[in-house]
Each structure stands twice: as C-alpha cells, then as structure tokens.
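>>> need coordinates for the below:
(one chain, ligands or ions: 2)
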Amino acid sequence: MRKSIKITVLVDDQAKPGLVAEHGLSLWIETPEKRILFDTGQGTALPANAAALGIDLVRTDAVVISHGHYDHTGGILHVLRSAPDVKMYYHLEAKRIRYSMKQGTAKAIHMNTQTILAIRDLLEQQKIWVHKPVWITPDVGLTGTIPRRPPFEDTGGPFFLDEHGIHADPLSDDIALWLHTPAGLIICTGCCHAGLVNTINYIRVINQDAPVHAIIGGFHLLNASPERLQQTITALQSLGPAQIIPLHCTGENAKKALQEHFPGHYLAAAAGTRVRFSTAGR
Ligand SMILES: [Fe+2]
Ligand SMILES: [Fe+2]
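Residues are numbered from 1 along each chain as shown. Ligands and ions are numbered 1, 2, ... in the order given. Modelled structure (predicted):
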C-alpha cells in the first residue's frame, strides 16, 4: 500500500515540454486508498497528458467536478469512456446554463450538453451530489457550497445566468477538496470562485482548525485588486502553509506576489508537475 499522497497536474494553462497546455485544470490525486480525478480541463489536454505521463484513467475511482465551467468539465466524457463505473462527485448546480460577459458580448461557459446527458445517464449509485460537506474517504473531503464570508474577497466577476448580463451567477456549485495528512491539510481548488481565504477558512471550520500544509489549484486572483491581494497574502502568512502551488486562473501578478512573499514555500507548477506528501505517522 502507498504511504504517500501524490498529486500530478494533468491540465493547466501552462505545461512542461512535451505536454499540452490548455486554459483549464485537472489534478490526478493518488491516495493510499483511492485515485481521484479533480476536474478534467476542456477535454483536449487530459487524454494527451495522461498518456504522456503514464497515467491510466481506467484506474480512476472518483471524479470530482469543482464547478460547472467548461474548462473543468470538458474531459468528463473521455473519463467516462475510460472508467464507466466511476463515482462522480458534483454539485447539482454544476449543470447550470451560464455565461461570461466581456465588453457586452456573452460567451457560453457551461458544461456541454453531451456531458450533462452522460452524467444524467449514470447509475444512481454513481452520482454523489455535493451540496454539503461529503467525504470520499475518512481522510478526503469535499466542501459542498462554500458560504461567502470575508468582506475583502470580491468574488463576483463577469458571470451570469443569462445572455443579457442581468442575473448574476452565484457560482454556488464551486467546491473544494481537502486531504488530511499528519502535517496538516492539503487543499485543492478548481477556480476558487468562492475566494481563496474564504475557502480555506471554511475547510478549517469543518476540520477543527487543522493546520494547512499545502494549497494547490486555481486561486482566481487574476483580477484581484492590490488591496485584496495584500489581504490574501496576510491571511496566508498567518496560516503558514509549507507549500503554495498556484495554477490555472491564479494570474501572473498574483503568482509573482506569492513567490515574493513565500520564498521556499512557493512552487512554480504546470501540467506535468508532480508533488508527493507523506502520510507516514498514521
Ligand atoms: Fe477555471
Ligand atoms: Fe471557473
């Protein structure tokens, strides 16, 4: 039995040589008990990078959908073809029709119809709705809807439920994953639309204020104001994680600031990055 947790970045906006880069996210998480695919990218990079990295998606036990955006759900059909008996963890609202608005133009950013139908057709025991905290194993949990708390995190954005930009999308399907290790929590985020500090705080509430060992994923700070970025850094400094691994929608400014403030703890990552965490001591 493996005595460690291994996380491989399968899809990211940046990629190591020989791998496909794509705006999106997918993490392959191997624990002593389960193999979990956290998000699936847009669909092109996932099969190519999994093959190049020697990861056989047939072995997937569980797929977690962090939220319903196309850049996290586009590879679901591929995974279901590879592993048809997989368990699918998602929030019901991940299947919502939704748009982003840029300069008055709406762009559809929801899960594609084929994927929605494929999920609908899964056996009931394969579908696990994650509205509230749910545990995949005793050491791996999912948040469900994350209450929006810190006033400094403006978690809005150009996200709407209609093409006219009238009804704001609350993105209540945005969920995050945590893994327990003896060193503390490893937190995996998709786009982090609920706010990075908000998400971490909520996970700590669920886990009796356990220390945070590592944070990996999209932090969605690309449009963060300097004030929000500074307050995020201050909050992270008080948590003192050993590893900060920003990906996907974190934004170059935020990555640079995190690198400056957390020397020795910041890991520059891309598709192809593998990190290992010890579970010894349990
Ligand atoms: Fe995203
Ligand atoms: Fe997103």
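>>> quick check, the residue in the protein closest to ligand 1?
Relative to ligand 1, the nearest point of the chain is C191 (3.8 Å; CB to the ion). Heads up, the C-betas are built off the backbone N, CA and C, glycines and all.
>>> so how far is Q126 from that residue?
24 Å (CB to CB, to the nearest Å).
>>> so between the two, which is more surrounded?
C191 (24 against 17; other CB atoms under 10 Å).
>>> pretty sure the more buried one contacts C249?
Yes: using CB atoms under 8 Å, C191 makes contact with C249 at a distance of 5.3 Å.
>>> find residues that contact each of these two.
Common neighbours of C191 and C249 (criterion: CB atoms under 8 Å, 6 or more residues apart in numbering): L25, G218, H220.
>>> those residues into TSV, with extra columns for secondary structure?
Shown next, in TSV, are those (DSSP: H, G, I helix; E, B strand; the rest coil):
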residue	secondary structure
L25	coil
G218	strand
H220	coil
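>>> list the buried residues for the lengthiest helix in the chain?
Longest helix of the chain, by residue count under DSSP state H: helix 226-239. Within helix 226-239, the residues that count as buried by 16 or more other CB atoms under 10 Å are R228, L229, Q231, T232, I233, A235, L236, L239.
>>> also stretch 125-135?
Residues of stretch 125-135 classed as buried: Q126, V130, P133, V134 (neighbour count, 16+ other CB under 10 Å).
>>> for D61, see how far away the residue of the chain found nearest ligand 2 is.
When distances are taken as CB to the ion, the chain reaches nearest to ligand 2 at C191, 3.2 Å away. Taking CB to CB as the measure, C191 falls 24 Å from D61.
>>> and for F159?
Distance from F159 to D61, counting by CB to CB: 31 Å.
>>> count of residues packed around T143?
26.
>>> wait, it touches I200, no?
No: counting by CB under 8 Å, T143 does not reach I200; the two are 10.4 Å apart.
>>> contacting residues for the residue nearest the centre of the chain?
Closest residue to the average C-alpha location of the chain: G190 at 2.1 Å, with CA atoms, centre = their mean. G190 sits next to L25, F38, D39, S66, H67, H72, D174, I175, A176, G217, G218, H248 when contact means CB under 8 Å, 6+ apart.
>>> what about the helix or strand harbouring T8, near ligand 1?
Assigned by DSSP states H and E, T8 belongs to strand 4-11. No: if you take CB under 5 Å from the ion as the test, strand 4-11 misses ligand 1, and the best it gets is 10.3 Å.
>>> likewise for stretch 97-114?
No: against ligand 1, stretch 97-114 shows no contacts by CB under 5 Å from the ion, the least distance being 8.9 Å.
>>> up against ligand 2, what does this protein have?
Close to ligand 2, as judged by CB under 5 Å from the ion, the chain has residues H69, C191.
>>> helices along the chain, start to end?
All helices of the chain, identified by DSSP H, fall at 45-52, 70-73, 76-82, 113-120, 196-206, 226-239, 252-261.
>>> now do the fifth one against helix 252-261, angle only.
The directions of helix 196-206 and helix 252-261 differ by 60 degrees, with axes from the mean of the first three to the mean of the last three CA atoms, to 10 degrees as the criterion.
>>> which residues touch helix 196-206?
If you take CB under 8 Å, 6+ apart as the criterion, helix 196-206 is touched by 133, 141, 143, 146-150, 152-153, 155, 176, 178, 185, 187, 189, 192, 194, 210, 212, 215, 219-221, 231-232, 235-236, 239.
>>> buried subset of the residues you listed?
Listed as buried from the contacts of helix 196-206 are 133, 141, 143, 146, 148, 150, 152-153, 155, 176, 178, 185, 187, 189, 192, 194, 212, 215, 219-221, 231-232, 235-236, 239; burial here means 16+ other CB under 10 Å.
>>> and the protein, which of its residues are near ligand 1?
The chain has residues D71, C191, C249 near ligand 1, with proximity defined as CB under 5 Å from the ion.
>>> which one of these is nearest I29?
C191 (17.3 Å; CB to CB).
>>> distance of the closest one from M101?
C191 sits 17 Å away from M101, going by CB to CB.
>>> before we move on, what about G195?
20 Å.
>>> for K255, same thing?
Distance from K255 to M101, by CB to CB: 26 Å.
>>> since that was my last question, I'll sign off now.
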